[in-house]
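S.K.: sequence and computational prediction follow.
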Number of protein chains: 2
Amino acid sequence: MNVAIFGYGNLGKGVECAVAQNYDMTLYGVFSRRDPQTVHPLFDTTRVFAAEEIEDHAEKIDVVIICGGSATDLPTMTPALASRFNVVDSFDTHADIPLHFRRVDEAAKAGGKTAAISVGWDPGMFSLNRLYAAAVLPDGKDYTFWGKGVSQGHSDAIRRIDGVQDARQYTCPVEAALEAVRNGSNPHLTTREKHTRLCYVVAKEGADLVRIEREIKTMPKYFADYDTTVHFISQEELDRDHKGIPHGGFVIRTGQTGLNGEHKHVIEYSLKLDSNPEFTASVLVAYARAVCRLNQRGENGCKTVFDIAPVDLSASSPEDLYAALL
Amino acid sequence: MNVAIFGYGNLGKGVECAVAQNYDMTLYGVFSRRDPQTVHPLFDTTRVFAAEEIEDHAEKIDVVIICGGSATDLPTMTPALASRFNVVDSFDTHADIPLHFRRVDEAAKAGGKTAAISVGWDPGMFSLNRLYAAAVLPDGKDYTFWGKGVSQGHSDAIRRIDGVQDARQYTCPVEAALEAVRNGSNPHLTTREKHTRLCYVVAKEGADLVRIEREIKTMPKYFADYDTTVHFISQEELDRDHKGIPHGGFVIRTGQTGLNGEHKHVIEYSLKLDSNPEFTASVLVAYARAVCRLNQRGENGCKTVFDIAPVDLSASSPEDLYAALL
């Protein structure tokens, strides 16, 4: 299975590593919009091509993993590539998924190709767990918590404030809210009650720290609805202690069964990830395998994690899986 | 969707309740090997038929949920019914799954029907989580822990000891082992290190308690390999405090990604169930829906949870699921 990477940031690097962990896959190469001479892959053996040349390699590539951003890249990239290649992306703008699905579906069907969109952990593994749990416990309620983890969007928002040199923002689930959910009390939780925001900020020399902290805490949408803590630290501290991109979270569904709902059940799925982009990349790679298989069986068009049977994600045969994991 | 229950013990009762929670399903009736006059369903509206009459109702039943035991019932029942009905069972003798699969597959294909075997939580939801986690983190190790929960087999084994009137056995995961796994230390765990066994025993009057305790703790396979605790209590206490059939457990996979495996990840799935049979029944019912849909699409033969796409488990449309849960 020849896999190409389209776009080479943190996610693309994660895919480069993940492909190497899967014995049934070969990395065909990286396609970048930058000058290939300036792109330095993690592995010496990884070839780098210009993005616009990808058409010339179509016959040799089984699937393209598109590693662009959801805001501006994927809405155009994925439909454009899906008519010519089997593709997988991690489109994560929840509200726009139905529109993205239709565009990619149309392109993939026109080209006889198969696509999987919104693959990762949320959307992705978390979505799967929301669906399985809801199907099994229809009389119930589910909750998703994120963190503790770095939000790039919130970190960027802080960096745009005047006087800020650098920043890292962690989204943290509120332990008391998690416990209330696990106890099956079906709490109604406000935004503030579910998550807190923890900010590490490097201020420029002479900057007004009181103003910066106020601007962060009152920023609409990003921070105003949360209990936010701001710590000012040095660039050295930030680089030393906050360089990673950890993330994770919890999907919990509580529900009841029995003649009168007398029996309670808790289904909980959680992720604790040292590297958000590398884990997302690992999920993308498993679905890249599935997309190739679906296409070989003539199942064209756009899919999501909901539409793909688990067996198609594994390098092992169904018989081996029945014997070993069922 | 007309659903029939074949076999009416705790699991069958759970299915009776679960079908009532799903608006797209109707309970056709219960088929029992006992005299129908002696079977008293939970709902007044539930009809009871003799098991041997089920053929006469074939045209009106969309799917049969087979609620027999794995040891003696299901190996013959499921293949026998699968040629004439879409069926779902909870066959859980792990080692015999491949053989059971082949027999059911042959019968279902001969009759143009669809079957799902080994549906429940283990095998079932736990198997799914082992597969998804292994596919996403190929360089890793997974662990399954059970409990705290009632093991019927172990409770029965104690009851067979001379001088024992009644008993309840709980399987308990060892907290220190769970923590070692979560911390990513990839421990090698013996049987004894993973689970303990907690027994509540009602002795007959005048019975030799020391002998009973020794017979329990030294019983091969069931208890000898575990740290076992025995509490003697009264029948009243057993009936009052140990009447439920709770269960649950944990599937945890830890793995690494990156250029040199420098980033660790923990995927954890857990269940905390007030009623083991009712939860198993709820999973069976969701897969009964999927089996009907697969059959309508002409996808015949035997399936497992690995082979069925999540979308087919839900009463909601794919479009609604993309918008609401993805």
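M.R.: Yep, it's here.
S.K.: might you list the low-confidence residue ranges for the stretch 201-326 of chain A?
M.R.: For the stretch 201-326 of chain A, no stretch has pLDDT under 70.
S.K.: quick one: the strands in it?
M.R.: A:227-232, A:247-257, A:263-273, A:301-303 (DSSP state E, counting those that start in this stretch).
S.K.: dump the ones you listed to JSON lines, plus distance to chain B.
M.R.: No exception for glycine: its C-beta is placed from N, CA and C like everyone else's. Shown next, in JSON lines, are the strands of the stretch 201-326 of chain A (distance: least, CB to the nearest CB, whole Å):
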{"stretch": "strand A:227-232", "distance to chain B": "25"}
{"stretch": "strand A:247-257", "distance to chain B": "4"}
{"stretch": "strand A:263-273", "distance to chain B": "4"}
{"stretch": "strand A:301-303", "distance to chain B": "9"}
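S.K.: can you say which of these is nearest to B:C172?
M.R.: strand A:263-273 (17.2 Å; CB to CB).
S.K.: give me the buried stretch members for that closest one, please.
M.R.: By neighbour count on 16 or more other CB atoms under 10 Å in any protein chain shown, the buried set for strand A:263-273 is A:263-273.
S.K.: quick one on the thing from earlier: in CSV: the strands of the stretch 201-326 of chain A, plus distance to B:L294.
M.R.: CSV is the format used below for those (distance: least, CB to CB, whole Å):
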stretch, distance to B:L294
strand A:227-232, 48
strand A:247-257, 25
strand A:263-273, 24
strand A:301-303, 17
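S.K.: between those strands, which gets nearest to B:Y8?
M.R.: B:Y8 lies closest to strand A:247-257 among the strands of the stretch 201-326 of chain A, at 16.8 Å (CB to CB).
S.K.: the closest one versus strand B:263-273: what angle between them?
M.R.: 10 degrees (axes from the mean of the first three to the mean of the last three CA atoms, to 10 degrees).
S.K.: send me strand A:247-257 as PDB with only the CA atoms.
M.R.: Only the C-alpha atoms of strand A:247-257 are listed here, as PDB (Å, rounded to 0.1, in the frame of the first residue of the first chain):
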ATOM      1  CA  HIS A 247      -4.000  16.300  24.700                       C
ATOM      2  CA  GLY A 248      -6.800  13.800  25.500                       C
ATOM      3  CA  GLY A 249     -10.200  13.700  27.100                       C
ATOM      4  CA  PHE A 250     -13.200  11.600  28.000                       C
ATOM      5  CA  VAL A 251     -16.400  10.400  26.400                       C
ATOM      6  CA  ILE A 252     -18.800   9.200  29.100                       C
ATOM      7  CA  ARG A 253     -22.300   7.900  28.600                       C
ATOM      8  CA  THR A 254     -24.600   7.000  31.500                       C
ATOM      9  CA  GLY A 255     -27.800   5.300  30.900                       C
ATOM     10  CA  GLN A 256     -30.400   3.000  32.500                       C
ATOM     11  CA  THR A 257     -32.100  -0.300  31.600                       C
END
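S.K.: paired strands for that strand, with orientation please.
M.R.: strand A:140-146 (antiparallel), strand A:263-273 (antiparallel) (DSSP bridges).
S.K.: mind giving me the domain split of chain A?
M.R.: Per automatic domain parsing, the structural domains of chain A span A:2-122+A:277-324, A:128-274.
S.K.: pick the most buried one from those domains.
M.R.: Of all these, domain A:2-122+A:277-324 has the most neighbours on average by mean count of other CB atoms under 10 Å in any protein chain shown, namely a mean of 20.
S.K.: close to chain B, is the helix or strand where A:M77 lies?
M.R.: Using DSSP states H and E, A:M77 falls within helix A:74-82. No - for helix A:74-82, no contact with chain B is found by CB under 8 Å from any CB of the partner chain; the gap never falls below 14.7 Å.
S.K.: element containing the closest residue to chain B within the stretch 51-200 of chain A?
M.R.: As assessed by CB to the nearest CB, chain B sits closest to A:A135 within the stretch 51-200 of chain A, at 3.9 Å. A:A135 belongs to helix A:125-136 when assigned by DSSP H and E.
S.K.: for that helix, packing partners?
M.R.: strand A:140-146, strand A:247-257, strand A:263-273, helix B:125-136, helix B:276-296 (3 or more CB pairs under 8 Å, 6 or more residues apart in numbering or on different chains; DSSP states H and E).
S.K.: what about A:I65, which SS state?
M.R.: strand (DSSP: H, G, I helix; E, B strand; the rest coil).
S.K.: would you quantify the distance from it to B:T254?
M.R.: 24 Å (CB to CB, to the nearest Å).
S.K.: same check, this time on A:T218
M.R.: 41 Å.
S.K.: get me the contact residues on the stretch 101-250 of chain A for chain B.
M.R.: A:101, A:118, A:123, A:125, A:127-132, A:134-139, A:182.
S.K.: which one is A:V150 nearest to, not counting chain neighbours?
M.R.: A:I245 (5.2 Å; CB to CB, 6 or more residues apart in numbering or on different chains).
S.K.: correct me, but A:A107 touches A:T76?
M.R.: No - contact between A:A107 and A:T76 fails when scored by CB atoms under 8 Å: they sit 10.9 Å apart.
S.K.: list the contacts for A:S151?
M.R.: A:S151 makes contact with A:169-171 under the criterion CB atoms under 8 Å, 6 or more residues apart in numbering or on different chains.
S.K.: you'd agree A:G255 is up against A:N186?
M.R.: No - look at A:G255 against A:N186 with CB under 8 Å: they stay out of range, at 9.5 Å.
S.K.: separation between the most centrally placed residue in chain A and A:T93?
M.R.: Most central in chain A under CA atoms, centre = their mean is A:G120, positioned 3.9 Å from the mean C-alpha point. According to CB to CB, A:G120 stands 12 Å off from A:T93.
S.K.: check A:A207 too.
M.R.: From A:A207 to A:T93 the distance is 33 Å (CB to CB).
S.K.: using CSV, list the CA coordinates for stretch A:181-192.
M.R.: Extracted in CSV, the C-alpha atoms of stretch A:181-192 (Å, rounded to 0.1, in the frame of the first residue of the first chain):
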residue,chain,number,x,y,z
VAL,A,181,-21.1,12.5,35.4
ARG,A,182,-19.5,9.1,36.4
ASN,A,183,-21.8,8.9,39.4
GLY,A,184,-24.8,8.9,37.0
SER,A,185,-26.4,12.0,38.4
ASN,A,186,-26.9,13.3,34.8
PRO,A,187,-25.9,16.8,35.7
HIS,A,188,-26.6,19.9,33.6
LEU,A,189,-23.2,21.4,33.1
THR,A,190,-22.4,24.9,31.9
THR,A,191,-19.4,25.7,29.8
ARG,A,192,-17.7,27.1,32.9
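S.K.: ok, now which ones touch the residue lying closest to A:A290 once chain neighbours are set aside?
M.R.: Closest residue in space to A:A290, ignoring its immediate chain neighbours: A:D312 at 3.9 Å, by CB to CB, 6+ apart. Contacts for A:D312 were tallied using CB under 8 Å, 6+ apart; they are A:289-290, A:293-294.
S.K.: before we move on, what about A:I308?
M.R.: Per CB under 8 Å, 6+ apart, neighbours of A:I308: A:116, A:287, A:290, A:294, B:309.
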